[in-house]
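Visitor: could you look at this predicted model? Sequence included:
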Amino acid sequence: MQPTQNPKSDRTVEVEPAIRHTVAWRVTSVTALENFRLRVSFVDGTAGEVDMQGFVNDRKVDGTVFEELRDRSYFSQARVELGAVQWPNGAEVAPDAMYDAIWEHGQWIVE
């Protein structure tokens, strides 16, 4: 006969202590604004705007994953995924570069 286990006492699926992001450039929230801008906040409380209008409309994004961002409704689907800003197609903005520019200037203009 097999011993019965109490599922409440088996806590192997939990991580102790809880995982905390320790790098400042991890994004905690993102809001899509008008004119291809984002409002972002980071783990350490730093917050600011990312202006992607020039980048999104530049011909150099033709044929890349960033081309879909030209559709305003698609751009507004920005979300935080593993501490970075990402869109459903996998397009992602570098969180460390974004953090550095926002920490220094309050905004990041992506070129």
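Guide: Looks like it arrived, so ask away.
Visitor: for Ala97, list the residues it contacts.
Guide: Trp108 (C-beta atoms under 8 Å, 6 or more residues apart in numbering). Quick note: C-beta positions are derived from backbone N, CA and C, even for glycine.
Visitor: and it, what's its pLDDT?
Guide: Looking at Ala97, its pLDDT stands at 95.
Visitor: can you say which helix or strand has it in it?
Guide: For Ala97, the host element (DSSP states H and E) is helix 95-105.
Visitor: please apply the same query to Val30.
Guide: Val30 belongs to strand 27-33 when assigned by DSSP H and E.
Visitor: right, and the helix or strand after that strand?
Guide: The helix or strand immediately downstream of strand 27-33 is strand 37-42, counting by DSSP H and E.
Visitor: partners of that next one, with directions?
Guide: When sheet partners are counted by DSSP bridges, strand 37-42 sits next to strand 27-33 (antiparallel), strand 47-51 (antiparallel).
Visitor: so what touches the strand holding Val30?
Guide: With C-beta under 8 Å, 6+ apart as the test, strand 27-33 has contacts from 38-43, 49, 75-80, 83-85, 95, 98.
Visitor: apply 7 Å and report the result again.
Guide: Applying C-beta atoms under 7 Å, 6 or more residues apart in numbering, the contact partners of strand 27-33 are 38-43, 75-76, 78-80, 83-85, 95.
Visitor: most neighbours among these, which one is it?
Guide: Most neighbours among these, by other C-beta atoms under 10 Å: Ala78, with 25 neighbours.
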